[in-house]
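Generate coordinates for the sequence data below:
(2 chains, ligands or ions: 2)
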Amino acid sequence: MSTRQFGERVQRREDPRLLTGNGRYLDDLGLGALSAAFVRSPHAHARIVDIDIDDAWEVDGVEAIYTWEDLTGRVAEPLPVLIPHPALTHPRTGYCLAKDEVNHVGEAVVMVIARDRYLAEDAAQRIRVTYESLPVVVGVEAARAAQTLVHDDAPGNIAAHLLQEVGDVTAAMEAAPNTLTIDLEIERSACMPMEGKGVFARWDADEGSLRIYSSTQTSTGVRAAVAAKLGMPLAKVECIAPDVGGGFGVKIMHPWPEEVLVPWAARLLGRDVKWTEDRREHFISSSHERGQLQQVTVGFDDDGHLLALDVQFWHDNGAYTPYGIIVPIITATQLLGPYKPGAYRVEFWSLFTNTVLVTPYRGAGRPQGCYAMERTMDAVAAHLGIDRAEVRARNFIQPEEMPYDHGLMFQDGRPLKYDSGDFPASLAKLKALVGWDDFAAYREEAAAQGRRVGLGIGCYVEGTGVGPYEGGHVHVETSGRVNVATGLTTQGQGHQTVLAQIVADELGVRIEDVHVTTGDTRRMAYAVGTFASRGAVMSGNAVALAAKAVRAKALRIAADALEVSADDLQIEDGVISVKGAPGTSIALSTVAVLSNPLRYAFDESSKAATQFAGTFDPDKPPVADDEEPGLEGQDFYSPTQATFANGMHAAIVETDPVTAEIRILRYCVIHDCGVMINPMIVEGQVHGGVAQGVGGALYERMAYDESGQLLNASFMDFLMPYASEVPHVETDHLETPSPLNPLGLKGAGEAGTIPVTAVIASAIEDAEGFPVRSMPISPSELWELRRMHAQSPVPVPAQEGSR
Amino acid sequence: MSEQTTDTPPEQLLRISLRVNGVTRTASAPARRLLSDFLRHDLGLTGTHVGCEHGVCGACTVLVDGQPVRACLMFAVSAQRHEVTTIEGIGNDPENLSPVQQAFTECHALQCGFCTPGFVTTITAYLEDNPDPTPEQAREAISGNLCRCTGYQNIVSAVCRAAEIRRDRSDRTEIDQLVDLGTPDGEGGSRA
Ligand code: FES
Ligand code: FES
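Ligands and ions are numbered 1, 2, ... in the order given. Take a look at the predicted model:
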C-alpha cells in the first residue's frame, strides 16, 4: 500500500541540488558571455541634452555602446502598458533607453557591452551625459498638490482615478449614530529578492532563433514581449526561467528594458550577452510598492456594526504605469477583509512621482488595504469602548453567507465574490492561540515590572489563484520516469515538490519517479506566471487534470493487455494491477512501451512494442483514430473567478518606556488556504511572509530626498530584518476547502505579509494608549509621538472626532 | 560626476593560484577581481552567490582557512596561499549531504536557495567551534546573513538539527572505523 503524498509534510525535491551549490541561477549561466552595464540617470527629472560616448570606446574590451538613437524598430518605441484599464486615463511608460527625458534616478540611458562586467562599468563611467534638470515631484503629497508635473500631458499628476460604490454611502453615513474620520499613511518598500534581476540571451545564427534565460516570474510573458519587440516569430524565441532567487512580485513586471535590450544586442552582435543586476541597480531601477495616503470615514451603530464606509486614497505609482493600476485596485477591493461594510464607497487616485515605478510587492496593495480597515476597526472599538476582537466579530461575514458577493469588481475584472471561509472559527482559534482573554492579566504583571506591552490584531481576506489559466503536461517514459511540465515559474515556493505530490497521487506512482519542470517555454508554451498566490491553485489543478488523463489512458491500454475491464484496475507505486487480484499486473513503464507502437527495438523493453511482438490486433491500425502514441497527456485549468484565502494574526509587542525600542514578543497566525498540499511548505510561506511584513512594519522604507535621490539604496542603509529582528511565528490552520476547484485549494504565498503592518500598529497603539497612524514606525518616531501626546491635554488627535 | 580623460591601458592580468576545496586552481585575472567573481566566473564554482556586493548580506560567505569570510569583500589575489572552502567543498553531491545541508532539507530551511550556500558555510564553521548551541545561540550565529524567503525560524531549527546530525555521524564514524579494522574494503566515514 503506497502512502498518499497529498497533505503530507514531504521534504522538498529541489533542496539537495540547491544545498550543494548545484542550483543554476541566472548569473551562473553563460560562462564567457559578453556583459552589459548601464549608464543610469543621476537625476530624478531632466532633459537629456547630449551624450558623449567617445572616451568610453578607449576602454579595452568594449564591444558595443548603444543609446536610444541606436535602437531599431519597435525596440525604439515605448515599453507596453501591460494591463490597461479604462480608469487608467493617462498611462505612461518609459523607453528601453531614455529618449529625450528621464523621469527617475536610475532610468537606463546608455547600454555598454564589453568582455566582462568590470570593463563594461569602466566604459560606462567614461560616458558623459549632459542633462538639463527639471522640477521634481517626490511623495504622494507633492504629487497630489501638483505644483509641478511629472509628465506635462498628465494633468494633476493623475494616471488613474477610480470610484466604486455599493449602496448609498452618503445616506447611510448621515443616518449613522457615530462617525469617525481617520487619516493614514504607509510608506514605500520593495521586494528585494536576494537575487536581483538578470537576463542572458543566446542568438543561434544558423537557426535564426533566440534563447533567453531570465530571472523572471513569467517566461511566457517575456518570450511574447521580446518576440513582439524584436519582430520575430514566436516560434523562433524560447524563454527559460532557471532557478530564481526570489521574486515577491518584482520579477512579474515585464519586459524590463534589459529583457528587451540584451536579446536585441545578442542578435545584433551574434554573441552571447548577459546582464546581471547589481544591488544598487535593483534599488533604483527595479520597482517598489506600498506608498499611499488614505482617508477613511466610517459610520457605525452603538454596538460597533458598520453602516457606511467611505474610503479615499492617493497611491504613488512612481514615474510610469507599465503594470497598470493593479495595486490600487487591490487595495480598494481587498480592504473589506472578512467584514460587511454596510454601504461602501471607495475612490482612489493613482499619481505620478519622479521615483522608481511601483508594481506589486508580496501582498500587492493588500497590506495597505488591511491597514486601512484594521486601523478603522481599532478606532471604532476605542470609540465605543468595546473589545477589539468583539467589534471585528460583529462585522464578520458568516459561514452560512458564503459564497459572499461584495458587488464590486476585483483586479481580474471579475466579481469580488468570496468562495469559502469561516471567520468566527478562525477568530476563536486565534484568541486561543495568543491567549487573548488572559492578556489583561499579563499586561498588569508586566506593568508591575515597569514593562510596557501591547496586543494587536489584524484580519484579512486575500484573493488568490486568479486566472486566466495554467496548463499541465504529464509524460510517462518507458523507464517509468514521469515528467511533469507546467509553464508558470518558481522562485522558491516548492512547486517541484507540491506538483510532484499531486501527480504521484493522481497517477499512482512513487514521488521519487516524478520530475517537475517549471517556466520553460519549450516544455509548456501556454502559461501566465507566478504571482497573486496562484501557483498551487492554477498549476496544481492543471497537473492533476493532466495526470488524470494519463491515468485513464494507461488503464485503457493495460485493460487491453491484461484482457480485463479498465474499471477493475488500480495503479499503485507504478504498477497496474487487478483490484483484489494483485498477481495479475503490468508495470506502468511497460504500458508506456505499449502506448507507442514501434518499428525498431531500441532496447530490451521496446521489443514488446514492435510489429512482430504479436500483441496487436491485425485488423486495427496500430494507433487508433482517437488515440495518440505515447503515454502522455495535457490539460488546462481555468477558473471562473479567484479563490479567497483568509487569515488572522495577533502579536504581542513590548515598547521600551525610555528608548521606545519596539520588540515583538509573540507572533501568532491562523491561516486558511483551503486544503493544504504540503503543510510544511505552507508554514514556510507564512514564516517568510511575516518576516517581510515585519520589515514593512518596522524597518523598510525608501528614503527619498526632495530632489528624488534615494538615500538608502544599499543593504547597509535599507534595513531588512535579520534573524535577530524576526520573531518566532506560531501558526495554526483552518481548512475551508474552495468549492471552485477539484483539489479545494486556495493560494498561500502572500498571506503572511498582508496584515503585519496593521497588527504591529495595533499592538503599539495598545501598548502606548495613543493612535498610530503612520507606518512603518521607528523607535525615534514612536518617541516623538509620545512626546506629542504627552504635551497634548487631549489624548486623541484632532482628526479623530465625530464629524 | 567626475570626468576622466586619460586612456586606460589594457588591464594587466595576473596568474592567480588558490587552493580551493583542497585543490590548487589557477586562472588569469586582474588584481581588482573580487574573490566572489573569481570563484564564480574564473573557476566556475557558481555555488557562491552574490546578493549585495557590499558585505552586508552574507550570500557570498566562503571559508578562508576555516573562518567565514565575505568573498565580495576580498580580492582574489589576496586569497593566494590561503585555503578557501566553498559550498562545493562542504558537499557537492546531492545524494550525500553534509550534516548542515541535511538539516536544512529536513527543517525546510530554504526556499529559493539563493542565500543558502552562505548560510551553510557560516553554520558549518560555527558548529566547529560551538558543536552544541542553544536555539538562542543558533539564532545569533545566523544573524549576520540575510534571507528574504524563510523568516529564519526554520534556519534556527536547522542549526540545532545539524549539531545533532554531526554528533550522530561522528558516533557512527567511530563505529565505522572499528568495523573498518575488520573489513578492509568498508566504506569510509562521512566527512565532519
Ligand atoms: S554579496 Fe557578499 S555580503 Fe552580500
Ligand atoms: S531562501 Fe531565498 S533568500 Fe534565503
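
List the contacts of whichever residue of the stretch 51-200 of chain A sits closest to ligand 1.
Using C-beta to the nearest ligand atom, the single residue of the stretch 51-200 of chain A nearest to ligand 1 is residue A:194, 8.6 Å away. (C-beta placed from N, C-alpha, C; glycine too.) Neighbour list for residue A:194: A:245-246, B:49, B:51, B:57, B:59, B:112, B:114-115, B:146-149 [criterion: C-beta atoms under 8 Å, 6 or more residues apart in numbering or on different chains].

State whether residue A:516 is indeed within a helix.
No: when classified by DSSP: H, G, I helix; E, B strand; the rest coil, residue A:516 is found to be strand rather than part of a helix.

Need phi/psi at the residue positioned nearest the centre of chain B.
Residue closest to the average C-alpha location in chain B (C-alpha atoms, centre = their mean): residue B:121, at 3.2 Å. Main-chain torsions, residue B:121, degrees, to the nearest 10: phi -70, psi -40.

check contacts around the closest residue in space to it that isn't next to it in sequence.
With C-beta to C-beta, 6 or more residues apart in numbering or on different chains as the criterion, residue B:121 has its nearest non-adjacent residue at 4.8 Å, and that residue is residue B:61. For residue B:61, the contacting residues are B:48, B:68-71, B:117-119, B:121-122, B:145, by C-beta under 8 Å, 6+ apart.

What subset of these is buried?
B:48, B:68-71, B:117-119, B:121-122, B:145 (16 or more other C-beta atoms under 10 Å in any protein chain shown).

Could you tell me which ranges of chain A sit under the pLDDT cut-off?
A:1-2, A:614-616, A:792-803 (pLDDT under 70).

Burial check on residue 78, number of neighbours?
Going with chain A. 15 (other C-beta atoms under 10 Å in any protein chain shown).

look at chain B instead
12.

So for it, what's the pLDDT?
We have a pLDDT of 95 for residue B:78.

one step back: the residue nearest to the centre of chain B contacts residue B:84, correct?
No: judged on C-beta atoms under 8 Å, residue B:121 makes no contact with residue B:84 at a distance of 10.5 Å.

Now for these two: what residues contact both?
B:62-63.

list the contacts for the residue in chain B that chain A sits nearest to?
Closest to chain A within chain B is residue B:47: 2.1 Å, counting by C-beta to the nearest C-beta. For residue B:47, the contacting residues are A:20-23, B:86-88, B:92, B:117, by C-beta under 8 Å, 6+ apart.

Neighbours of residue 10, how many?
Here I'm looking at chain A. 21.

my bad, the chain I had in mind was chain B
Neighbour count for residue B:10, taken as other C-beta under 10 Å: 9.

Give the closest residue to the residue in chain A that chain B sits nearest to in space, chain neighbours not counted.
Relative to chain B, the nearest point of chain A is residue A:21 (2.1 Å; C-beta to the nearest C-beta). Closest residue in space to residue A:21, ignoring its immediate chain neighbours: residue B:47 at 2.1 Å, by C-beta to C-beta, 6+ apart.

What score does the one you found have for pLDDT?
With respect to pLDDT, residue B:47 scores 97.

distance of it from residue A:595?
40 Å (C-beta to C-beta, to the nearest Å).

cool, and residue A:15?
33 Å.

re earlier: next step: the contacts of residue B:47 restricted to helices.
B:87-88, B:117 (DSSP state H).

any chance of these in TSV, plus pLDDT and distance to ligand 1?
Shown next, in TSV, are the ones in helices among the contacts of residue B:47 (pLDDT from 0 to 100; distance: C-beta to the nearest ligand atom, whole Å):
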residue	pLDDT	distance to ligand 1
B:87	97	14
B:88	97	17
B:117	98	11
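
show me which of those residues neighbour chain A.
Among those, the residues within reach of chain A (C-beta under 8 Å from any C-beta of the partner chain) are B:87-88, B:117.

near ligand 2, which residues of the stretch 201-350 of chain A?
Applying C-beta under 6 Å from any ligand atom, one finds that the stretch 201-350 of chain A approaches ligand 2 through residue A:246.

in stretch A:294-309, what counts as buried?
Neighbour counts over stretch A:294-309 (16+ other C-beta under 10 Å) mark A:294-300, A:304-309 as buried.

ah, wrong one, I meant stretch A:379-387
A:379-384.

tell me which of those residues is nearest to residue A:636?
Using C-beta to C-beta, residue A:380 comes nearest to residue A:636 of these, at 45.1 Å.

That closest one should be in a strand, yeah?
No: remark: residue A:380 does not belong to a strand; assigned using three-state DSSP, it is helix.

Now do the contacts for it.
Counting by C-beta under 8 Å, 6+ apart, residue A:380 has contacts A:178, A:180, A:298, A:300, A:304, A:306, A:386, A:391.

Distance check, it against ligand 2.
39 Å (C-beta to the nearest ligand atom, to the nearest Å).

Dihedrals phi and psi, the residue of chain A closest to chain B?
Per degrees, to the nearest 10, the backbone of residue A:21 is at phi 80, psi 10.

do the same with residue A:651
According to degrees, to the nearest 10, residue A:651 has phi -140, psi 150.

near chain B, anything from stretch A:349-363?
No: Stretch A:349-363 lies apart from chain B when judged by C-beta under 8 Å from any C-beta; the minimum separation is 9.8 Å.
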